[in-house]
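**Q** give me coordinates for this.
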Amino acid sequence: MKKLTLQEKQNTADTLLKRINALHEPGETVRLMEVCGTHTVSIFREGLRQLLPSGIELVSGPGCPVCVTDQTYMDKALAYAEREDTIIATFGDMLKVPGSYSSLSEAQTKGAHIHVIYTPLEVIELSKKHPEKKIVFLAIGFETTIAVICATVKAVHEAGLKNVFFLVSHKLVPPALRALLDRQEGHIDGFILPGHVSVIIGEEPYGFLPEEYGIPSCIAGFDGLEILSAIANILEQRKTGNIVVGNTYHSVVMQKGNPVAQAMMKEVYDICDDAWRGIGIIPNSGLALKDKYAAYDAERALPIELEKPSLDPKGCQCGRVLQGLIKPSECPLFGKSCTADHPVGACMVSVEGSCAAWYKYGYSSGGSTWED
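**A** The predicted model follows:
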């Protein structure tokens with residue numbers, strides 16, 4: 001694909017914004033939800049809210065895998081971390097996610113064996129380096145990450161490793177969108193669909209949006225022009241009444257997605273109900289290791305019981321933020337007791353979290369409050 005010059009980008013942006021203004025009815029409020037943490041950051045970084053007509057509202061949904069990881073899962077991870085014979089392998093974003101009573105970062109300072117990895121396959125070398133330890137990998141993430149973790153599960157199985165286990169809390173995006181619409185608590189006029197997830201699953205799993213709910217949607221890339229193009233696509237669907245699953249990211253997202261990755265996921269996992277932070281149990285939104293791989297399932301191979309009940313941080317509104325019901329700045333803790341340096345909720349931890357993005361990019365020109 002040809003790389004655009006700065007002037008060409010400006011001309012394209014001007015064209016898209018003129019199209020958006022022409023498609024938007026003056027005085028009409030249109031709430032579009034982006035379901036990807038990278039989109040949330042890009043929207044802020046490129047100042048898209050300030051460019052759009054005032055009636056178009058962009059709200060952030062459950063698009064950050066760290067943010068939607070349930071509190072009970074974090075408490076289980078911390079319980080495993082307390083075991084002297086266990087090493088927790090995790091992505092770095094998980095370190096500061098608060099459990100009910102502590103965090104992995106705090107546990108690490110108290111002597112817990114926490115090892116930050118950059119790719120799931122690192123657990124194999126970690127296993128060989130520490131054969132006397134049990135390696136528990138925190139297997140979280142959406143469809144994009146799931147495919148890589150599937151390959152890791154298979155590699156561990158083929159290598160015959162006996163000391164690697166997976167604490168699984170994968171999340172599937174389409175069932176979460178259905179759950180948001182079924183709740184009817186917050187009004188959503190369209191979805192800006194995630195690019196990376198859609199590379200894996202394709203367009204078809206979103207078909208229920210136009211067919212059952214009459215909701216326009218569009219798969220988007222990650223720079224400002226690609227997001228503006230998706231917004232224009234959604235507005236055009238609303239204008240013409242031709243409601244479909246749009247795709248302005250054709251360069252990498254195919255209608256049927258990545259069949260190799262999908263086949264691997266079906267081989268390794270069964271679909272199950274799963275808990276989402278602040279939202280609750282969403283049917284068919286999670287994955288569990290198949291019986292063939294049960295020996296690597298931490299909860300089955302190394303059962304653990306929590307001694308205390310799991311509790312959400314007092315006053316934290318992550319669940320409502322993740323559902324697009326409030327803006328991060330409307331949480332009473334935001335920017336006060338909950339900051340990037342001292343996060344109270346998971347949405348302030350990850351770089352893709354809604355609260356973290358609002359905190360980092362949402363300062364008003366005065367520097368003391370956040371833009372709404």
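
**Q** can we go C-alpha only for contacts and neighbour counts from here?
**A** Fine.

**Q** enumerate every residue touching the nearest residue to residue 27 once chain neighbours are set aside.
**A** Among residues not flanking residue 27 along the chain, residue 55 sits closest, at 6.4 Å (Cα to Cα, 6 or more residues apart in numbering). Applying Cα atoms under 8 Å, 6 or more residues apart in numbering, we find residue 55 in contact with 26, 27, 28, 29, 30.

**Q** out of those, who's nearest residue 40?
**A** Nearest to residue 40, judged by Cα to Cα, of the contacts of residue 55 is residue 30 at 17.2 Å.

**Q** tell me the SS of residue 305?
**A** For residue 305, the assignment made with DSSP: H, G, I helix; E, B strand; the rest coil gives coil.

**Q** kindly report the same for residue 287.
**A** Classified using three-state DSSP, residue 287 is strand.

**Q** per-residue pLDDT, it?
**A** With respect to pLDDT, residue 287 scores 98.

**Q** and the nearest residue to it once chain neighbours are set aside, its phi and psi?
**A** Nearest residue to residue 287, sequence neighbours excluded (Cα to Cα, 6+ apart): residue 271, at 4.6 Å. Dihedral angles of residue 271 (phi, psi; degrees, to the nearest 10) stand at phi -80, psi 140.

**Q** ok, now which ones touch residue 271?
**A** Applying Cα under 8 Å, 6+ apart, the residues contacting residue 271 are 284, 285, 286, 287, 288.

**Q** from the contacts of residue 55, which ones fall inside strands?
**A** Here DSSP state E is the test, and the contacts of residue 55 give residue 30 as lying in strands.

**Q** and which of the contacts of residue 55 is nearest residue 311?
**A** For the contacts of residue 55, the nearest to residue 311 is residue 30 (35.2 Å; Cα to Cα).

**Q** can you check what pLDDT the model gives the residue nearest to the spatial centre of the chain?
**A** Centroid-nearest residue in the chain, with Cα atoms, centre = their mean: residue 64, separated by 2.4 Å. Residue 64 is assigned 93 on the pLDDT scale.

**Q** could you find the closest non-adjacent residue to it?
**A** Per Cα to Cα, 6+ apart, closest to residue 64 is residue 37, 5.1 Å.

**Q** what's the neighbour count on the one you found?
**A** Residue 37 has 23 neighbours, counted by other Cα atoms under 10 Å.

**Q** now the one 5 residues further on
**A** For residue 42, the tally of surrounding residues (other Cα under 10 Å) stands at 17.

**Q** hmm, it is touching residue 224, no?
**A** Yes. Taking Cα atoms under 8 Å as the definition, residue 42 is a contact partner of residue 224 at 6.7 Å.

**Q** hmm, back to that, ok, now how distant is the residue nearest to residue 27 from residue 34?
**A** 16 Å (Cα to Cα, to the nearest Å).

**Q** and residue 125, by the same measure?
**A** Taking Cα to Cα, one finds residue 125 at 37 Å from residue 34.

**Q** kindly report the same for residue 280.
**A** The value you get for residue 280 to residue 34, if Cα to Cα is used, is 20 Å.
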